[in-house]
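Novice: predicted model and sequence follow; I will ask about them next.
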Amino acid sequence: MSLKNPVMEENAKNSIERSMENITEKMKKTDEKMDTLAEQVCHIESDIFSEGETIQVNNLLQSVNEVKENYQSLRKELIEVQDLQKQLSSTLQSQLRIMQSKFNILKQKVVSGNYQNQSISRSQSIASTHTRQEYIGFETIE
């Protein structure tokens, strides 16, 4: 069983990068719409509170409707940004789980490998001691 799958890791990396790019782009557009909305509200305020000018009700209503539509559009984009953030969070959490499971598998392999190495080392040590005793025994017989 291979612990590393480069294709899956690359796809996950690309998915995360794409999600980050999407979030960044959506946030940029949302910021621009918020600026436009703020500008429109300032225009309406200046129209309403300007001295000496008569306000045309139709223009005022049209401006208010534009602001309302822009606000609704902005709200939709904010919801999309939140959804993208949730998707990214979910992707990151799944990647974390995968990395934790890989870590646990590697840890188990290291621990079991050390145990096997220790038992091999003990049996080699016993065999080595036995061989030395036989060798020493032969020396004393001669």
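Specialist: That came through fine.
Novice: low pLDDT regions in this protein?
Specialist: Where the chain drops to pLDDT under 70, the residues are 1-8, 47-55, 57, 115-142.
Novice: how about the helices in it?
Specialist: 6-49, 57-141 (DSSP state H).
Novice: could these be laid out in JSON lines, adding mean neighbour count?
Specialist: Just so you know, the C-beta spots here come from the backbone N, C-alpha and C atoms, and that holds for glycine as well. Formatted as JSON lines, the helices of the chain follow (neighbours: other CB atoms under 10 Å):
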{"stretch": "helix 6-49", "mean neighbour count": "13"}
{"stretch": "helix 57-141", "mean neighbour count": "11"}
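Novice: please save the CA atoms from stretch 30-40 in PDB.
Specialist: Only the C-alpha atoms of stretch 30-40 are listed here, as PDB (Å, rounded to 0.1, in the frame of the first residue of the first chain):
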ATOM      1  CA  THR A  30     -17.900  42.400  -3.400                       C
ATOM      2  CA  ASP A  31     -15.600  45.200  -2.200                       C
ATOM      3  CA  GLU A  32     -16.100  47.000  -5.500                       C
ATOM      4  CA  LYS A  33     -19.900  46.600  -5.200                       C
ATOM      5  CA  MET A  34     -19.800  47.900  -1.600                       C
ATOM      6  CA  ASP A  35     -17.900  50.900  -2.800                       C
ATOM      7  CA  THR A  36     -20.400  51.600  -5.600                       C
ATOM      8  CA  LEU A  37     -23.300  51.200  -3.200                       C
ATOM      9  CA  ALA A  38     -21.700  53.600  -0.700                       C
ATOM     10  CA  GLU A  39     -21.100  56.100  -3.500                       C
ATOM     11  CA  GLN A  40     -24.800  55.800  -4.600                       C
END
